[in-house]
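Engineer: Make a model of this:
(2 chains)
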2 protein chains.
Amino acid sequence: MKLEHIKRNMMQMGQNVESALDSAIKALAQRKIEGFKAVHEIEKNINQFHIQLDDECLSFLAMHGPVAKDLRLIFSIIKINADLERMGDQAVNIAYTGKDYMGRLPITLPAEIEEMSHIVQKMVRDSLDSFVREDLALAQEVLLLDNKVDVRRTQVFKNLMQLIRQQPENVEAAMDIILIARNLERVGDHATNIAEDVIFIGTGKDIRHGGQKV
Amino acid sequence: MKLEHIKRNMMQMGQNVESALDSAIKALAQRKIEGFKAVHEIEKNINQFHIQLDDECLSFLAMHGPVAKDLRLIFSIIKINADLERMGDQAVNIAYTGKDYMGRLPITLPAEIEEMSHIVQKMVRDSLDSFVREDLALAQEVLLLDNKVDVRRTQVFKNLMQLIRQQPENVEAAMDIILIARNLERVGDHATNIAEDVIFIGTGKDIRHGGQKV
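Structural biologist: Residues are numbered from 1 along each chain as shown, chains lettered A, B, ... in the order given. Got it, this is the predicted structure:
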């Protein structure tokens, strides 16, 4: 088991996560329920990668006893694996909630949800790209995007509370959108974790919880 | 750095998480806003443990190149560390939302929230106890509790949707409770992850995603 092989598997898992997210978001935006089914299929792959990747990291540690940067890399892949798996869970949550949403009296999907989707997808893509290219500047950019997601999530909440007051009969549909906004926000949080791990691999510096900046 | 020392630090971090959760839940149930402040103080400790514990695990791997059960233990502590930190985040989320909730026209705290709190606190305690005692039967019990949490969360959602339809002026307070129910559910999910790790440490079997049962 070589390190390159493990990295490649992690990236493949990441691509599956991107596909799951893309299917969920497109199905929601285009109101095409079939797209949600694809998410559940892709999640099966993600779960297989999740178990396989942990197993490979464990074998690598046992056989090679890596140190320095190789150790930081494996250590980070263990954590990134967990983040990717949870991103997959969030895509599945969006699929479930999105299906409920389409079964109800429709309310317009807020523009902020589409904006959040774009930003979050960029965060996921860039965090994975920054890993593969060891691009610390790109990883830093991912961290800066998180705030843009939070601003939109807050706006979605505020607007939908208003809507519910005026149209309480649409509470379920509004709640669906609120939950989806939270799911997207959490995907962004996981991408942020990955970007922090990339910075750690490259520099050995732990910048979480307001620690040292690169 | 000895393995026993790392385990002790992890358990201390776990105790901090239990305290944070307990403060948040009591403050909410007793409507005492000061309890929420304590949560923020405790979270600072949790974040310190989070960084320190990762650092200790990395040093241990580099210096000792553990194999077999010791490797599974360190590997699992890396993951448990992330779960504990996120439980701390959930306690903080409850504190923020709980503070908002108390500033609004009061609606009665649903009985299910108190029930969920009790179950989730038991899950956290038992998952940590199962780790320290290497008690696989107790870890299995934690897994079984998760469903009880989900049932109550679904009920809270249903009841509060109903309430919002009837009293749309209380939508914010109702939404606060819904978010708190989600936070509690997620704490339960993290306790489940820890219980799965305990089973993995003891048996080498990965039971996630419907894998082999013990």
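
Engineer: other SSEs contacting the one helix or strand residue A:197 maps to?
Structural biologist: For residue A:197, the host element (DSSP states H and E) is helix A:171-203. Packing contacts for helix A:171-203, counted by 3 or more C-beta pairs under 8 Å, 6 or more residues apart in numbering or on different chains; DSSP states H and E, involve helix A:68-102, helix A:111-133, helix A:136-166, helix B:136-166, helix B:171-203. C-beta: built from backbone N, CA, C; applies to glycine.

Engineer: and of the ones you listed, who's closest to residue B:78?
Structural biologist: helix A:68-102 (5.6 Å; C-beta to C-beta).

Engineer: burial of residue A:150, as a residue count?
Structural biologist: 14 (other C-beta atoms under 10 Å in any protein chain shown).

Engineer: Would you agree it is in contact with residue A:185?
Structural biologist: Yes - taking contacts as C-beta atoms under 8 Å, residue A:150 lies within contact range of residue A:185: 6.7 Å.

Engineer: what residues does chain A put near chain B?
Structural biologist: A:47-48, A:50-51, A:54-55, A:57-58, A:61-62, A:65-68, A:71-72, A:75, A:78-79, A:82, A:157, A:161, A:164-166, A:168-169, A:171-172, A:175, A:178, A:182, A:206, A:208-209, A:211 (C-beta under 8 Å from any C-beta of the partner chain).

Engineer: Swap in 6 Å and give it another go.
Structural biologist: By C-beta under 6 Å from any C-beta of the partner chain, the part of chain A that sits against chain B consists of A:47, A:51, A:58, A:61-62, A:65, A:67, A:71, A:75, A:78, A:161, A:164-165, A:168, A:171, A:206, A:209.

Engineer: Model confidence for the closest residue to chain B within chain A, exactly?
Structural biologist: Evaluated by C-beta to the nearest C-beta, chain A has residue A:65 as its residue closest to chain B, separated by 3.2 Å. Listed pLDDT for residue A:65 reads 95.

Engineer: ok, it - contacts?
Structural biologist: residue B:65 (C-beta atoms under 6 Å, 6 or more residues apart in numbering or on different chains).

Engineer: can we see that at 8 Å?
Structural biologist: B:61, B:65 (C-beta atoms under 8 Å, 6 or more residues apart in numbering or on different chains).

Engineer: Could you check how far it is from residue A:160?
Structural biologist: 53 Å (C-beta to C-beta, to the nearest Å).

Engineer: How many neighbouring residues does the residue lying closest to residue A:135 once chain neighbours are set aside have?
Structural biologist: With C-beta to C-beta, 6 or more residues apart in numbering or on different chains as the criterion, residue A:135 has its nearest non-adjacent residue at 6.8 Å, and that residue is residue A:129. Per other C-beta under 10 Å, the neighbour tally for residue A:129 reads 16.

Engineer: neighbours around the closest residue to residue A:185 other than its chain neighbours, how many?
Structural biologist: The shortest distance from residue A:185 to any non-neighbouring residue, by C-beta to C-beta, 6+ apart, is to residue A:153 (4.8 Å). Using other C-beta under 10 Å, the number of residues around residue A:153 comes to 20.

Engineer: does residue A:153 really touch residue A:183, like I thought?
Structural biologist: No - taking contacts as C-beta under 8 Å, residue A:153 lies outside contact range of residue A:183: 10.2 Å.

Engineer: quick revisit: so among the residues of chain A next to chain B, which ones count as buried?
Structural biologist: Among the residues of chain A next to chain B, those scoring as buried are A:47, A:51, A:58, A:61-62, A:65, A:71, A:75, A:78, A:164, A:168, A:171, A:206 (criterion: 16 or more other C-beta atoms under 10 Å in any protein chain shown).

Engineer: Might you report the residue contacts of residue A:114?
Structural biologist: residue A:29.

Engineer: roughly how far apart are the residue nearest to residue A:185 and residue A:119?
Structural biologist: 11 Å.

Engineer: and the buried ones among the residues of chain A next to chain B as JSON lines, adding distance to residue A:195?
Structural biologist: Formatted as JSON lines, these follow (distance: C-beta to C-beta, whole Å):
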{"residue": "A:47", "distance to residue A:195": "24"}
{"residue": "A:51", "distance to residue A:195": "25"}
{"residue": "A:58", "distance to residue A:195": "25"}
{"residue": "A:61", "distance to residue A:195": "24"}
{"residue": "A:62", "distance to residue A:195": "29"}
{"residue": "A:65", "distance to residue A:195": "28"}
{"residue": "A:71", "distance to residue A:195": "20"}
{"residue": "A:75", "distance to residue A:195": "16"}
{"residue": "A:78", "distance to residue A:195": "16"}
{"residue": "A:164", "distance to residue A:195": "35"}
{"residue": "A:168", "distance to residue A:195": "41"}
{"residue": "A:171", "distance to residue A:195": "36"}
{"residue": "A:206", "distance to residue A:195": "13"}
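
Engineer: which pair in these spans the largest distance?
Structural biologist: A:65 and A:168 (61.8 Å).

Engineer: Give me the most central residue, chain A.
Structural biologist: residue A:187 (3.1 Å; C-alpha atoms, centre = their mean).

Engineer: Give the other helices and strands that the strand or helix carrying residue A:45 contacts.
Structural biologist: In this structure, residue A:45 is located in helix A:34-64 according to DSSP H and E. Applying 3+ C-beta pairs under 8 Å, 6+ apart, one finds that helix A:34-64 makes contact with helix A:3-30, helix A:68-102, helix B:68-102.

Engineer: Test my guess that residue A:40 contacts residue A:96.
Structural biologist: No - Residue A:40 is beyond contact range of residue A:96, at 9.1 Å (criterion: C-beta under 8 Å).

Engineer: and stretch A:39-48, C-alpha only, in PDB?
Structural biologist: Extracted C-alpha coordinates of stretch A:39-48, given in PDB (Å, rounded to 0.1, in the frame of the first residue of the first chain):
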ATOM      1  CA  VAL A  39     -27.500  10.800  -4.400                       C
ATOM      2  CA  HIS A  40     -28.500   7.700  -2.500                       C
ATOM      3  CA  GLU A  41     -26.600   5.500  -5.000                       C
ATOM      4  CA  ILE A  42     -23.500   7.600  -4.800                       C
ATOM      5  CA  GLU A  43     -23.600   7.600  -1.000                       C
ATOM      6  CA  LYS A  44     -23.100   3.800  -1.100                       C
ATOM      7  CA  ASN A  45     -19.800   4.400  -2.800                       C
ATOM      8  CA  ILE A  46     -18.900   7.100  -0.300                       C
ATOM      9  CA  ASN A  47     -19.500   4.700   2.600                       C
ATOM     10  CA  GLN A  48     -17.400   2.000   1.000                       C
END
